[in-house]
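In: have a look at this prediction, sequence included:
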Amino acid sequence: MASAASILDTLRRLRAGAPQVAPSLLACDFGHVADEVRRVEAAGATVLHLDIMDGHFVPNLSIGVPVVRAVRKLTDLVLDVHLMLDNPAEYVQAFREAGADSITVHAEVLPDARPLLDRIRRLGAAAGLSLNPPTPLEALGPAVDEADMILVMSVMPGFGGQSFDPVALEKLAALRDRPGRGYLLEVDGGVNDETAGPCAAAGADLLVAGTAVFGGDDYQERIATLNAHARSARGGA
Ligand SMILES: O=C(CO)[C@H](O)[C@H](O)COP(=O)(O)O
């Protein structure tokens, strides 16, 4: 399992470098998870996003600790674990022990997220804070300055394949422009060939994409194309 220092170093390098896509395992073929993980790793991904749903915070269920542990054994990709849970504090240790490199929790269930972000970091993972499309940036509170990563949801979480909500672009730009910010910016939901560029232009460093990667036949082409859209929108090659 990667150390806290190496995870934070990876995030710093991601922030300093070109924006990039993180495939979301939610959209993979769960009959062949091991193959799917190896395919996106071979296709050039650095980060793999894993969505954990409890049927309460979001109206759906997904994978849990045993699947994260199994994926950890398959790959050295950065495992970016997004907890869509009413009570994330109960589970952060288990997900870290299973191999999560970053753990993201939701501002909607944490009036003050600082103690939990601190605990995630003490467990050795990077600490992320997320907010849903209707949630204003003010809900992040002072925890915004404690987070290693802010995950701006561009769909209501719970399901893949939804349409991108442009409210995320305003939030990304406002978060990008906060003076002295220390966090990496991530966006999740409806990221595709049309929306990847605007997300990157608005400041997203990491673009979570499920359908736009796993819905294609050639994952290498999908990741390269999405990365190219993101990078050219930032003025890169
Ligand atoms: O968090 C999520 C759903 O809650 C997914 O990561 C997200 O929806 C990605 O899927 P897609 O790219 O198909 O929109």
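Out: Arrived safely.

In: report pLDDT for residue 4.
Out: We have a pLDDT of 64 for residue 4.

In: near the ligand, which residues of this protein?
Out: Residues of the chain found near the ligand (Cβ under 6 Å from any ligand atom) are 24, 26-27, 49, 51, 82, 155, 157-162, 188-191, 208-212. Just so you know, the C-beta spots here come from the backbone N, C-alpha and C atoms, and that holds for glycine as well.

In: which of those fall in strands?
Out: Counting by DSSP state E, these place 49, 51, 82, 188, 208, 209 in strands.

In: most surrounded residue in those residues?
Out: Neighbour tally across those (other Cβ atoms under 10 Å): the maximum, 30 neighbours, falls on residue 209.

In: excluding its backbone neighbours, what's nearest that one?
Out: residue 191 (4.3 Å; Cβ to Cβ, 6 or more residues apart in numbering).

In: is it true that the one you found touches residue 200?
Out: No: look at residue 191 against residue 200 with Cβ atoms under 8 Å: they stay out of range, at 9.8 Å.

In: now do the shared contacts for those two.
Out: Common neighbours of residue 191 and residue 200 are listed as residue 207 (criterion: Cβ atoms under 8 Å, 6 or more residues apart in numbering).

In: now the strands for the protein?
Out: Going by DSSP E, the chain shows strands at 20-23, 47-53, 78-84, 102-106, 126-131, 149-153, 184-188, 206-209.

In: average pLDDT across the helix ranked longest in the chain?
Out: Longest helix of the chain, by residue count under DSSP state H: helix 219-233. Across helix 219-233, pLDDT averages out at 97.

In: follow-up on the earlier one: put together JSON lines for the strands of the chain, with mean pLDDT on each row.
Out: Formatted as JSON lines, the strands of the chain follow (pLDDT from 0 to 100):
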{"stretch": "strand 20-23", "mean pLDDT": "97"}
{"stretch": "strand 47-53", "mean pLDDT": "98"}
{"stretch": "strand 78-84", "mean pLDDT": "97"}
{"stretch": "strand 102-106", "mean pLDDT": "98"}
{"stretch": "strand 126-131", "mean pLDDT": "98"}
{"stretch": "strand 149-153", "mean pLDDT": "98"}
{"stretch": "strand 184-188", "mean pLDDT": "97"}
{"stretch": "strand 206-209", "mean pLDDT": "98"}
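
In: out of these, the one nearest residue 10 is which?
Out: The minimum distance between residue 10 and these falls on strand 78-84, with 5.7 Å, by Cβ to Cβ.

In: same for the closest one, what does it pack against?
Out: With contacts defined as 3 or more Cβ pairs under 8 Å, 6 or more residues apart in numbering; DSSP states H and E, strand 78-84 has these neighbours: strand 47-53, helix 65-74, helix 92-98, strand 102-106, strand 126-131.

In: could you give the angle of the longest one to strand 47-53?
Out: It stands for helix 65-74. Here the directions of helix 65-74 and strand 47-53 differ by 170 degrees (axes from the mean of the first three to the mean of the last three Cα atoms, to 10 degrees).

In: which of the residues of the chain next to the ligand count as buried?
Out: 24, 26-27, 49, 51, 82, 155, 157-160, 188-191, 208-212 (16 or more other Cβ atoms under 10 Å).
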